[in-house]
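Visitor: Following is a predicted model, sequence given first.
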Amino acid sequence: MPFVRVDVPEGLDRATKARLRTGLHDCIVKTWFKEHIWIAIQDHFADPNEHMVMLSVGVRPGRGKEAERTQKLYELAQALFEKEIGTQPKEFILTMHEFEQHMCVSGGTGLPSLEEGTPDI
């Protein structure tokens, strides 16, 4: 159950945000978990020609290859942001946050096991 919070430059239209949301969902599916993905996109104050993006992702520990998963997510997401809004690598930061299984409830119950939904990297 990754939760994804994205800060993008203010002024992006809904169609662009929709493509970013769909694209980020695909990035997470390929790197961290195949389902139960929560994505929130919000604007941040930006200068007119600024393309800075801050991506924060919360995941449960224990999948293995966390560094590789993080790097792959960065690469996939950066390519998406560059294509959609012109974000260069120096304008993009990804932070990963871990939380234990018992620290999250979704749909009123516990989360599915990591073995069921974690993709190979």
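Guide: That came through fine.

Visitor: Report the buried residues of the helix or strand bottoming out on mean pLDDT in the chain.
Guide: Lowest by mean pLDDT, DSSP states H and E among the helices and strands of the chain is helix 114-117, with a mean of 85. Buried residues in helix 114-117, defined by neighbour count with 16 or more other Cβ atoms under 10 Å: Leu114, Gly117. (Glycine included, C-beta is placed from N, CA and C.)

Visitor: Give me the contact list for that helix.
Guide: Phe33, Lys34, Glu35, His36, Arg60, Gly62, Arg63 (Cβ atoms under 8 Å, 6 or more residues apart in numbering).

Visitor: Next, give phi and psi for the residue of the chain positioned farthest from its centre.
Guide: Most distant from the centre of the chain: Pro48, at 24.2 Å, with distances by Cα atoms, centre = their mean. The phi/psi pair for Pro48 (degrees, to the nearest 10) reads phi -50, psi -40.

Visitor: Let me know the pLDDT of it.
Guide: As predicted, Pro48 sits at a pLDDT of 85.

Visitor: how near is it to Ile37?
Guide: 32 Å (Cβ to Cβ, to the nearest Å).

Visitor: before we move on, what about Pro89?
Guide: Per Cβ to Cβ, Pro89 is found 24 Å from Ile37.

Visitor: Compare the two and say which is more crowded by neighbours.
Guide: Taking neighbours as other Cβ atoms under 10 Å, Pro89 and Ile37 compare with Ile37 leading, 20 against 12.

Visitor: Which residues are in contact with the more buried one?
Guide: So Ile37 contacts Met1, Pro2, Val4, His25, Ile28, Val29 (Cβ under 8 Å, 6+ apart).

Visitor: so the third one sits in a strand?
Guide: Yes - following the definition DSSP: H, G, I helix; E, B strand; the rest coil, Val4 is counted among the residues of a strand.

Visitor: For the nearest residue to it once chain neighbours are set aside, what are phi and psi?
Guide: Distances taken as Cβ to Cβ, 6 or more residues apart in numbering put Ile39 closest to Val4, at 4.5 Å, once the chain neighbours are dropped. Main-chain torsions, Ile39, degrees, to the nearest 10: phi -130, psi 130.
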